[in-house]
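In: Predicted model, plus sequence, below.
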Amino acid sequence: MSPDREPGAASIVHLALPKGRMQENVLQLLHDAGIHLTFDRRGYRPVLSLPGFEAKLLKPQNIVEMLHAGSRDIGFAGADWVAEKNAELVELLDTGLDPVRIVAAAASGFLEGGRPPARPFVVATEYERLTAHWLAERGFEARIVRSYGATEVFPPEDADCIVDNTATGATLKANGLEIFDELMRSSTRLYAHPRALEDPGKRPVIEHFVLLLRSVLEARKRVMLELNVSREDLERVIEVLPCMREPTIAPLHHDAGFAVKAAVPRDQLPQLIRILKERGGTDILVSQLAQIVP
């Protein structure tokens with residue numbers, strides 16, 4: 001701890017933000033949390049409107065390395081690269097953004113009964129550690145060829161199969177490859193170096209940052225549903241309303257019934273509206289939520 005800082009005083013948290021594919025969704029998440037970024041001339045060191053942070057844009061693989069080394073306190077990275085680099089980090093938040101699967105794929109002519117033949121083969125990948133672990137776990141005998149992008153073009157001339165990430169499988173299919181195994185699932189997550197959470201000045205700043213982001217992610221899963229219902233039908237409506245704790249209930253003018261309000265899961269909404277109408281709900285209003293802070 002610095003001698004000029006009192007115990008518990010706020011510290012500057014060094015934040016790593018991703019460049020490339022993950023960048024747009026992460027910046028939108030920050031924006032929706034009310035955290036705005038002002039970029040410098042080169043665009044690598046944005047200033048956050050939320051005090052207490054010093055930010056830098058890095059490639060996701062570099063973020064994992066910098067977090068592992070401790071030169072960055074927290075940062076966004078894919079779970080696949082944290083696993084690939086075997087980094088000892090603390091996962092603070094799974095944003096669920098940019099979901100991908102790490103899969104093994106090959107041309108159908110290479111596979112026998114949906115799996116590699118019982119002979120040595122060549123596998124191309126950017127994920128050398130994950131692939132080596134997969135080969136050992138499955139009992140396959142193979143030589144790994146390191147790729148530097150565009151892994152799907154290696155078969156059949158330069159590799160028998162590949163291990164790569166995919167969101168939809170469309171690129172693999174377009175290159176004549178079929179998935180025959182899955183190594184792991186990944187998404188954009190917020191990680192911390194363990195030492196950052198041990199700092200009494202940094203920990204509350206980090207925890208507040210996580211709270212703001214989680215409030216947006218929770219709000220994206222729900223909508224605010226409001227409806228009117230008669231006194232006679234009130235309990236019939238309440239018993240099927242999937243609210244967070246208890247719904248908000250207020251009497252209508254002239255004792256005409258009640259107004260009911262609750263934040264409900266977005267994916268249940270189509271069925272829920274039908275059920276509520278059947279149970280006497282009227283004047284149903286659905287609106288978007290920005291943040292939900294428990």
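Out: Received it, and whenever you're ready, just let me know what you need. Numbers count the residues shown, from 1 in each chain.
In: ok, then the element right after the helix or strand residue 227 falls within?
Out: Secondary structure assignment for residue 227, by DSSP states H and E: strand 222-229. Where DSSP H and E defines the elements, the next helix or strand beyond strand 222-229 is helix 234-238.
In: what's the distance between the strand holding residue 227 and the middle of its chain?
Out: 28 Å (C-alpha atoms, centre = their mean, to the nearest Å).
In: Could you tell me which other helices and strands that strand packs against?
Out: Strand 222-229 sits against strand 258-265, helix 269-278, strand 282-288, with contacts defined as 3 or more C-beta pairs under 8 Å, 6 or more residues apart in numbering; DSSP states H and E. C-beta: built from backbone N, CA, C; applies to glycine.
In: Other residues contacting the last one?
Out: Going back to what we said before, that points to strand 282-288. Strand 282-288 is contacted by residues 223, 224, 225, 226, 227, 228, 229, 269, 273, 276, 277 when judged by C-beta atoms under 8 Å, 6 or more residues apart in numbering.
In: burial count for the third one?
Out: Counted with other C-beta atoms under 10 Å, the neighbours of residue 225 add up to 25.
In: In a strand, residue 55, correct?
Out: Yes: the assignment for residue 55 by DSSP: H, G, I helix; E, B strand; the rest coil puts it in a strand.
In: quick one: pLDDT of the nearest residue to residue 228 once chain neighbours are set aside?
Out: Counting by C-beta to C-beta, 6 or more residues apart in numbering, residue 228 lies nearest to residue 283, which is 4.5 Å off, once chain neighbours are set aside. The model reports residue 283 with a pLDDT of 96.
In: same check, this time on residue 174
Out: For residue 174, pLDDT reads 94.
In: Do a quick rundown of the helices in the stretch 51-200 of the chain.
Out: Remark: helices assigned in the stretch 51-200 of the chain by DSSP state H, counting those that start in this stretch are 60-69, 79-84, 128-138, 170-174, 194-198.
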